[in-house]
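quick one: sequence and predicted model below, then my questions.
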Amino acid sequence: MPGTVSIDREVLDHLRLGDEQALERLFREAYPTLTQRAQAELDDPSVAPRLVEGAFLRAWAERTHFETPEALEHFLQQSVHQGAVRERSRRAALHRFEQREGIAPHAPTPVGPAEVPVDAAWAHVSAVLHAPPPDQAAATQQRIQHSRHEAAEHMAKVARRRPWMAPALIATVLGLAVFGGMRWANRTSDEVQVSRALASQEARVRSTRSAERASIALLDGSQAVLGAETKLTVAPAFGDLIRALGLDGAGSFTVRPAERLPFHVRTAEAMIVATGTTFDVRAYALEGRTLVRVREGSVVVKAGGREEALAKGAAVEVRSDGSMGPVQPAALAQAFGWVDGRLAIADQPLRAVLPQVKRWFGIDLQVADSALLARKVSVDVDLGATRTLLAQLEQSGAMKFDYDKDEQMILRDAGAASTTAGPAAKR
């Protein structure tokens, strides 16, 4: 079995702070060993580079959870091993299917050592890290092709059933369609319809974690981009009978026009209705308010028995009591900076900023003195630029970043830090 991966503590520290150069250094050092390990477990060694690339992408996403170099090494080794197990299982399942269906297996392809040099492999990883959101048209076309493929498979299965089943199946489908249409038509209002759909056990939920964003192609051709720590609930029959989403967190939506089915986003405080537009919503449950900003087209915001139409460039805040009001530019920048890949907070107490740092950067910063929590700070930084973030916190709040004796990231008063050398200073 190939040897182990040696990981330097300093590299791990920089990796946890979101330093991509540390990731690249670790990747280049560990790639040969991990690739050899994967090759030893695979029937086709040419798959090994892909497994190693995937392991590092997962490690990057989980980087703040690794407390020791040994923990990170174990994660990488296990990730490669589990990937190899899945690959062998997939090939075995394909072989069983070919035998069961009487399909002649593909002629075996001679395999040999992977011919992907480390430069090319790192280029693959870097491309994924910096990939733009999926193109909407391409995502829609892919969804259409996938639906056609599933429909074709379903019809082929139905055709193989006994003839007497076809009329019964058709009658059942038509009956369900009529019954379902009557049920949806009998809703007393859009709000009742949306609320019931989102409360259904058949609703699907997509979620993101700290420091994670996700782009989702919806079944109607619309696009949703989710911010960190967000939960999106998708109503059943989305795109066919209803277009309804529930949002707890931050989302940006590009809506495909469909006048017959308005596009609804339900938050704890409001309902946003659109037919074809681009708009952003921030509605974290613990914040107790919903902010809406329109970038293209228009939307209608409903809350507390009121409706307000928003045109391009307009924004509104909906409070927990249902009241609505304007949003100040600084509050807009703080609420929706993530859409442009930034965190922008101006002159806020540290106690309000630290939860945002944890949400968008995945960093759990502590303070050496609780008095620091009242200190005002400002940041305006790209998401992922952790070093710049820490530097701005230090400068604007007269503080110093350090590690305590338990290796916990901590902020100290700059004056106190100058007289006390913590673990970071010692390193």
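On my side now, so go ahead.

can you list the buried residues in stretch 360-371?
Residues 360-363, 365, 367-368 are the ones in stretch 360-371 that count as buried (16 or more other CB atoms under 10 Å). Backbone N, C-alpha and C define where each C-beta goes, glycine included.

what's the answer for stretch 348-362, then?
Going by neighbour count (16+ other CB under 10 Å), the buried part of stretch 348-362 is 350, 353-354, 356-362.

also stretch 296-309?
Buried-residue list, stretch 296-309, by 16+ other CB under 10 Å: 297-299, 301-303.

how far is it from where the chain is centred?
Remark: stretch 296-309 is offset 27 Å from the chain centroid, using CA atoms, centre = their mean, to the nearest Å.

quick one, what contacts E229?
208-210, 249, 284, 359 (CB atoms under 8 Å, 6 or more residues apart in numbering).

name the SS class of it, please.
Assigned by DSSP: H, G, I helix; E, B strand; the rest coil, the conformation of E229 is coil.

which phi and psi values does it adopt?
With angles defined as degrees, to the nearest 10, E229 sits at phi 50, psi 50.

now it, nearest residue through space, not along the chain?
Using CB to CB, 6 or more residues apart in numbering and skipping the chain neighbours, the partner closest in space to E229 is R359 (5.2 Å).

where exactly do the helices run in the protein?
Assigned by DSSP state H, the helices in the chain fall at 9-16, 20-41, 48-61, 69-101, 118-129, 136-160, 165-185, 190-199, 329-336, 350-361, 386-397, 414-419, 423-426.

what helices or strands is the first one leaning on?
Contact here means 3 or more CB pairs under 8 Å, 6 or more residues apart in numbering; DSSP states H and E; on that basis helix 9-16 packs against helix 20-41, helix 69-101.

burial check on R63, number of neighbours?
21 (other CB atoms under 10 Å).

how near is it to A22?
According to CB to CB, to the nearest Å, R63 stands 9 Å off from A22.

now do I216
Distance of I216 to A22, computed by CB to CB: 30 Å.

low-confidence ranges, this protein, go.
Counting by pLDDT under 70, the chain shows low-confidence ranges at 1-3, 93-115, 131-189, 417-427.

per-domain residue ranges of the protein.
As given by automatic domain parsing, the domain ranges for the chain are 9-129, 133-186, 189-334, 341-426.

measure the residue nearest to V299 when sequence neighbours are not counted to S222 for me?
Leaving out its chain neighbours, the residue that sits closest to V299 by CB to CB, 6+ apart is A274, at 4.5 Å. Going from A274 to S222 by CB to CB gives 9 Å.

and for the two, which residues touch both?
Residues within reach of A274 and of S222 at once, by CB under 8 Å, 6+ apart, are 253, 255, 263.

out of the residues you listed, the closest to E317 would be?
When those are ranked by distance to E317 (CB to CB), F253 comes first, at 18.0 Å.

isn't that closest one right up against F279?
Yes: at 5.9 Å, F253 counts as touching F279 under the criterion of CB atoms under 8 Å.
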